[in-house]
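S.K.: everything below, folded, please.
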Amino acid sequence: FFFQAEDGIRDKLVTGVQTCALPIYRRREALMTAANPAATAIVEHVDDVWEHSVMPSLVEYVRFPCVSVQFDAQWREHGHLHRAIEHLRQWCLGRPIDGMSIELLELDGRTPLLVIDIPAHLPEQLTNTDTVLLYGHCDKQPEMVGWRDGLGPWTPVVEGNRLYGRGGADDGYATYAALLAIEAARRADLPHSRCVVLIEASEESGSPDLPAYVDHLRDRLGTPTLVICLDSGCLDDRRLWVTTSLRGLVAGTLRVDILREGVHSGEASGVVPSSFRIARQLIERIEDQDTGRVKLPRLHVDIPADRRAQIEATAAEFRIADNFPWVHGAEPVVGDAAEQLLAQTWQPALSITGAEGMPSVPMAGNVLRPQTSLRLSMRIPPTCDPAAAQNAMVEALTTDAPYGAHVQFLDAHHGPGWKDRKSTRLNSSH
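M.R.: Residues are numbered from 1 along each chain as shown. This is a model prediction of the structure:
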């Protein structure tokens, strides 16, 4: 029933790299055609609650500038995370689910965590000690740039069947989808195991606070039989998608210093090398500028045969490059649909996600800048050792710097990917 409640919800960038739109329609016919009274009851209830309760609350949630702690060092003083998670708690308190307990926890020095515990709903003759854990988060990525006219991160806008604004799809919908699914199932008198919903507030920073809460709740949670993470993607809304692997990450800031201070470019250029050109040279050590292929062997792995088979089967129906908002005439790195899925799920790839040391274009004078800083984000395969990958990147970027420049890889961190152990019948996701 979790699938039925989420039917039609896609966590997907649809209008631009920084503009996230959440489809707000439901595929009524997908369930109604089953001629099943329980399915009919679920669809009708979800439709009604989504339109009259979820959407108004989700619209208000979009207004909260509750960026994750990595992007707001004064998050506690600003209070946006607290207001956002309290907003979700208040909505949950209004749901008619018998036996539900709702608790807002805040361990010392940690971001808050919403814990919703719902007892099993079973016929009298059945017993079930299983626990289903449902996960989501309420913190958001920073607002960034690139919003088209009339849209913004904290200004919710409904256009047709889409809600635009920061955090609706990643991951504000999770709380609503989880509770509404359980509520609808109960109204249709469908049995379910005990369900525990955890909504954290630091996911976009790498979940630094979640392990402490899991440890704190260890006795209450026990060992869940099933964990449902409502924070992934799918390629359509006509079937159940299961994420079978995720890439890991190595990130850090490449800083190149060549001068102690800026000097006039008319005097220095041609004699003093550009710190940006040096950064380009260093990046070329880890990425082929013509193909985008990552050059470091430690960042590549053997792709399991079952994953290749899944990717081939998925590529027969989907060409994922068609999902992106290309400018006219642009084309993907690779044209083959299967190779695109491989590149997205099992191959390393580098992105430059930020820059410092450069003035804005209108304020750019004739100055040869003393330093350039670039934020590097390297996605690594699911089974790649993230620590070894980070060490390989640091060595390649900082050894034997051109022109004797001072090169550092600052604020480096890594996170592992993962691969499930039994998934021969499941589709790959990202």
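S.K.: for the stretch 101-250 of the chain, just list every one of the helices.
M.R.: Assigned helices in the stretch 101-250 of the chain, in chain order: 173-187, 210-216, 218-221 (criterion: DSSP state H, counting those that start in this stretch).
S.K.: can you add mean neighbour count and give these back as TSV?
M.R.: For the C-beta atoms, the positions are set from N, CA and C on the backbone; glycine is no exception. Below are those laid out as TSV (neighbours: other CB atoms under 10 Å):
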stretch	mean neighbour count
helix 173-187	23
helix 210-216	15
helix 218-221	11
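S.K.: which of the ones you listed sits closest to Val256?
M.R.: Taking CB to CB, helix 210-216 is the member of those nearest to Val256, at 34.9 Å.
S.K.: elements contacting that closest one?
M.R.: In this structure, helix 210-216 packs against strand 194-200, with contacts taken as 3 or more CB pairs under 8 Å, 6 or more residues apart in numbering; DSSP states H and E.
S.K.: again, 10 Å this time
M.R.: Judged by 3 or more CB pairs under 10 Å, 6 or more residues apart in numbering; DSSP states H and E, helix 210-216 is in contact with strand 113-118, strand 131-137, strand 194-200, helix 218-221.
S.K.: mind listing what the first one pairs with, with the direction of each?
M.R.: Just to be clear, that refers to strand 113-118. strand 101-105 (antiparallel), strand 194-200 (antiparallel) (DSSP bridges).
S.K.: turn the helices and strands packed on helix 210-216 into a markdown table, including distance to Gln347 and mean pLDDT.
M.R.: Converted to a markdown table, these look like this (distance: least, CB to CB, whole Å; pLDDT from 0 to 100):
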| stretch | distance to Gln347 | mean pLDDT |
| --- | --- | --- |
| strand 113-118 | 35 | 98 |
| strand 131-137 | 27 | 97 |
| strand 194-200 | 29 | 98 |
| helix 218-221 | 35 | 96 |
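S.K.: save these as CSV, and put in distance to Glu312 too.
M.R.: CSV is the format used below for the helices and strands packed on helix 210-216 (distance: least, CB to CB, whole Å):
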stretch, distance to Glu312
strand 113-118, 40
strand 131-137, 30
strand 194-200, 36
helix 218-221, 38
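S.K.: what's the closest of these to Val62?
M.R.: Nearest of the helices and strands packed on helix 210-216 to Val62, taken as CB to CB: strand 131-137 at 14.9 Å.
S.K.: tell me the pLDDT at the closest residue to His216 other than its chain neighbours?
M.R.: Excluding its sequence neighbours, the residue lying closest to His216 (CB to CB, 6 or more residues apart in numbering) is Leu107, at 6.3 Å. At Leu107, the model reports a pLDDT of 98.
S.K.: would you mind measuring from Leu107 to Asp209?
M.R.: 8 Å (CB to CB, to the nearest Å).
S.K.: so what sits against both of those two?
M.R.: Residues touching both Leu107 and Asp209 (CB atoms under 10 Å, 6 or more residues apart in numbering) are Leu113.
S.K.: quick revisit: number of nearby residues for the residue nearest to His216?
M.R.: Number of residues near Leu107 (other CB atoms under 10 Å) recorded here: 13.
S.K.: check contacts around it.
M.R.: Shown in contact with Leu107 (CB under 10 Å, 6+ apart): Leu113, Asp209, Ala212, Tyr213, Asp215, His216.
S.K.: could you rerun that using 7 Å?
M.R.: Counting by CB atoms under 7 Å, 6 or more residues apart in numbering, Leu107 makes contact with Ala212, Tyr213, His216.
S.K.: between those residues, which is nearest Gly146?
M.R.: Closest to Gly146, out of all of those and judged by CB to CB, is Tyr213, at 33.7 Å.
S.K.: name all residues that make contact with that closest one.
M.R.: Leu105, Leu107, Leu113.
S.K.: repeat the analysis, applying 10 Å as the threshold.
M.R.: Listed by CB under 10 Å, 6+ apart, the contact set of Tyr213 reads 105-107, 110-113, 115, 198, 200, 202, 207, 221.
S.K.: let me know the closest of those residues to Asp237.
M.R.: Using CB to CB, the contacts of Tyr213 come closest to Asp237 at Leu198, 25.1 Å.
S.K.: and the nearest residue to that closest one once chain neighbours are set aside, how many residues sit next to it?
M.R.: With CB to CB, 6+ apart as the criterion, Leu198 has its nearest non-adjacent residue at 5.4 Å, and that residue is Tyr135. Neighbour count for Tyr135, taken as other CB under 10 Å: 20.
S.K.: just Ala39 next, same as before
M.R.: For Ala39, the count of nearby residues is 18 (other CB under 10 Å).
S.K.: that one reaches Ala188, doesn't it?
M.R.: Yes - counting by CB atoms under 10 Å, Ala39 touches Ala188, with 7.8 Å between them.
S.K.: relative to Asn366, how far out is the residue of the chain most remote from its centre?
M.R.: Distance from the C-alpha centroid of the chain peaks at Glu267, with 46.4 Å (CA atoms, centre = their mean). Remark: distance between Glu267 and Asn366 (CB to CB) = 10 Å.
S.K.: go on, Cys195?
M.R.: Cys195 sits at a distance of 63 Å from Asn366 (criterion: CB to CB).
S.K.: neighbour count winner among the two?
M.R.: In terms of neighbours (other CB under 10 Å), Cys195 is the more surrounded of Cys195 and Asn366; the figures are 27 against 10.
S.K.: could I get the contacting residues of that one?
M.R.: By CB under 10 Å, 6+ apart, the neighbours of Cys195 are 2, 97, 100, 116-121, 130-134, 178-179, 181-182, 185, 224, 226, 228.
S.K.: where in the stretch 301-430 of the chain is pLDDT low?
M.R.: Counting by pLDDT under 70, the stretch 301-430 of the chain contains low-confidence residues at 422-430.
S.K.: in it, which spans are helices?
M.R.: Ranges of helices in the stretch 301-430 of the chain, per DSSP H, counting those that start in this stretch, are 305-315, 337-345, 386-398.
S.K.: for Asp170, find the nearest of those helices.
M.R.: Per CB to CB, nearest to Asp170 of the helices of the stretch 301-430 of the chain: helix 337-345, 17.0 Å.
S.K.: circling back to that earlier point, would you write a ChimeraX line that selects the buried entries of the contacts of Cys195?
M.R.: Per 16 or more other CB atoms under 10 Å, the buried members of the contacts of Cys195 correspond to this ChimeraX selection:
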select :2,97,100,116,117,118,120,121,131,132,133,134,178,179,181,182,185,224,228
